[in-house]
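Participant: Structure for this input, please:
(one chain, ligands or ions: 1)
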Amino acid sequence: MSNKTVIVRDVTKKYKMYKKPAEKLLDIILPNGYGEDFYAIQNLSFEANQGDVIGIVGVNGSGKSTLSNLISGIIPPTSGTIELNGEVSLIAIASGLNNELTGRENIELKCLMLGFSKQEIKRLEPEIIEFAEIGKFIDQPVKKYSSGMKSRLGFAISVTVDPDILVIDEALSVGDQTFADKCLDKMNEFKERGKTIFFISHSMGQVKRFCEKILWLEYGEVRAYGPMKEILPKYQEFLKEYKAMSKEEKKRFKQQVQLKQSGQKKPGDKLQASSAK
Ligand SMILES: Nc1ncnc2c1ncn2[C@@H]1O[C@H](COP(=O)(O)OP(=O)(O)OP(=O)(O)O)[C@@H](O)[C@H]1O
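Facilitator: Coordinates of the predicted model:
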């Protein structure tokens, strides 16, 4: 059996941008549609193996969350294919929890959806509640939770159900340091057990400590993919240059990005900016 767990081939995710709600209606009615195209992800391909821990990095709007939702099956690609060998679980602050239900009901619902029996859920429930550290709030509706509590519950459910592929999108950024450390321990345990992990974080420290590979996205395309030690310094160098750009240079850079993401520039075309080598 191949040890490839995720194969992304030529994936594009196109959104339509509407200036007002009526345009959406026109888009449905008119034979050629209406509204501006926006490519959040463009002709993206990469593969991940069992045991890979991949940090997804890129500046705001580069498509990190879109890619994590695509890998997790939350949204479908417009074109291209995503092949998964194993169960995938997404951990993100805003995902997967129903605000009207209590924490306990959310645990039961998620586990039922994943195909666990009532008996298995009874066994998993205390483990999840203990990991989440939300005490008596477990029987309160999730809408009363702080973002840290939501994130802890989401993380606890996702790791306890033991997926093969884990996508962690900024989920550690809202908790306190002690919980983040506990999550990192759990993720290291998963790493040792050969699971595939995608990790999105704005904390370069966390990425550096935890990841072995880096997938660097630039406006919906892969700018670089490879060993953490090789790619992360290049990304950090880029960030430094990007921050140092003059207002005029940043404006030019953004204009080209807009052209590219509206499909008017071919995928793969280089951006003209001092930092985009
Ligand atoms: N439902 C949608 N409709 C239209 N555009 C969208 C939609 N979802 C995302 N986008 C656009 O796609 C681009 C990529 O967004 P995405 O959230 O994936 O980026 P990101 O790298 O995760 O950004 P950040 O670091 O700010 O979270 C953005 O320009 C965003 O505005």
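
Participant: pretty sure Glu218 contacts Ser62?
Facilitator: Yes. Glu218 is within contact range of Ser62, at 5.8 Å (criterion: Cβ atoms under 8 Å). All C-beta atoms are positioned from the backbone trio N, CA, C, and that covers glycine.

Participant: List, one by one, the residues from this protein near the ligand.
Facilitator: Residues of the chain lying close to the ligand (Cβ under 6 Å from any ligand atom) are Tyr15, Phe38, Ala40, Gly58, Asn60, Gly61, Ser62, Gly63, Lys64, Ser65, Thr66.

Participant: Among those, name the ones in helices.
Facilitator: Lys64, Ser65, Thr66 (DSSP state H).

Participant: Surely the last one touches Gln42?
Facilitator: No. Here Thr66 lies out of contact with Gln42, judged by Cβ under 8 Å, at a distance of 10.6 Å.

Participant: what's the most distant pair in the residues of the chain next to the ligand?
Facilitator: Spanning the widest gap among those are Tyr15 and Gly58, at 17.2 Å by Cβ to Cβ.

Participant: how deep is Ser89 tucked in, by neighbour count?
Facilitator: Look at Ser89: counted by other Cβ atoms under 10 Å, it has 22 neighbours.

Participant: Cross-check the contact I'm expecting between Ile200 and Thr66.
Facilitator: No. Taking contacts as Cβ under 8 Å, Ile200 lies outside contact range of Thr66: 11.0 Å.

Participant: More neighbours: these two, which one.
Facilitator: Using other Cβ under 10 Å, the more surrounded residue of Ile200 and Thr66 is Ile200, with 24 against 21.

Participant: What residues are bridge-paired with that one?
Facilitator: Listed beta-bridge partners, Ile200: Ile56, Asp169 (assigned using DSSP bridges).

Participant: ok, it - contacts?
Facilitator: If you count contacts by Cβ atoms under 8 Å, 6 or more residues apart in numbering, Ile200 has them with Gly55, Ile56, Val57, Lys64, Ser65, Ser68, Val167, Ile168, Asp169, Glu170.

Participant: what's the closest of those to Glu189?
Facilitator: Set against Glu189, the nearest of these by Cβ to Cβ is Ile168 (13.8 Å).
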